[in-house]
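A.B. asks: just need the structure, nothing else, for what follows:
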Amino acid sequence: MLPALTPLVLAAPEAPSTWGIVAGADPIVKLVMVILAVFSLVSWAIILQRWLLLQRAASQSVQFLDRFWSTTSLEEAYGEVGNYPDSPVASAFAAGYKELKRLGQVEEQVGAGPLGGGVDNIGRALRKGSSEALTRLEQWIPFLASCGSAAPFIGLFGTVWGILRAFQTIGIEGTTSIAEVGPFISEALIATAVGLFAAIPAVMFYNYFITRLKLLATELNHFQYDFLNLVERHERTRSGGR
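C.D. replies: Here you go, the predicted structure:
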């Protein structure tokens, strides 16, 4: 009786891990991935820092406006400005109030009448204070737009380089075996994935931050009009009482 034949089972080669592919990648592809990783880390640092700052700015602006309309005098409101360091509305009010006080001191020294054209100076001070506050909030946000537009192309460069190496291998060794060119194609696709990973969050949060900044700018414009109306009403009251 013939002995039973035991089938030979060939163990399939273990697929390399993603980290293994990255570790064995071409130096150019590694450089591309390092650049994209740096872009991603910087982007996430900016996203976290700006998100927290804009949250504080919006919250403190609401609190300051509530406090502003509940005070009995501009001097009292100005004394509260220090409690809202991240509020662009508080910063704009401080700039406008300082200009108002300066004009009042000039009026006392020269014995001039009502402010008149000084209201325009107060408006310019308010706009300058608003611009400075918004510029401070916008800092580093443009980097997200740059990352969102550049990262995919940097990843594409790594992809093209990896495909180029695959074709070079085919030309040199005269084989189209996936075992030979697979690692190069894997490197190329990983470079593309890393580029998208860096770009997509950057673009999404850039658009989110720009929307929040537009809302804050609108709030600042409304406050400027309200503050100037208060000053003009005050001046009309003073001139009518003389």
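A.B. asks: the bottom helix or strand of this protein by mean pLDDT?
C.D. replies: Least confident element among the helices and strands of the chain, by mean pLDDT, DSSP states H and E: helix 18-23 (a mean of 62).
A.B. asks: C-terminal to it, what's the next element?
C.D. replies: Next along the chain after helix 18-23, taking DSSP states H and E as the criterion, comes helix 27-70.
A.B. asks: for the helix or strand that comes right after that next one, buried residues please.
C.D. replies: Moving toward the C-terminus from helix 27-70, the next helix or strand (DSSP H and E) is helix 74-79. Across helix 74-79, burial judged by 16 or more other Cβ atoms under 10 Å covers 74, 77-78. Where C-beta positions appear, they are placed from N, C-alpha and C, glycine not excepted.
A.B. asks: please apply the same query to stretch 89-98.
C.D. replies: 89-97.
A.B. asks: residues near the nearest residue to residue 228 once chain neighbours are set aside, how many?
C.D. replies: Of all residues not flanking residue 228 in the chain, residue 123 sits nearest, at 5.7 Å (Cβ to Cβ, 6 or more residues apart in numbering). Residues near residue 123, counting by other Cβ atoms under 10 Å, number 17.
A.B. asks: let me know the pLDDT of residue 123.
C.D. replies: You'll see residue 123 listed with a pLDDT of 90.
A.B. asks: start at 28, not 1
C.D. replies: Okay, residue one is now 28; in that scheme the one you just asked about reads as residue 150.
A.B. asks: tell me the helix or strand right after the host helix or strand of it.
C.D. replies: Element membership of residue 150 [criterion: DSSP H and E] is helix 145-165. Following helix 145-165 in sequence order, the next helix or strand is helix 168-200 (DSSP H and E).
A.B. asks: and that following helix, what's buried?
C.D. replies: By 16+ other Cβ under 10 Å, the buried positions in helix 168-200 come out as 168, 171, 174-175, 177-179, 181-182, 184-186, 188-190, 192-193, 196.
A.B. asks: many thanks, we can stop here.
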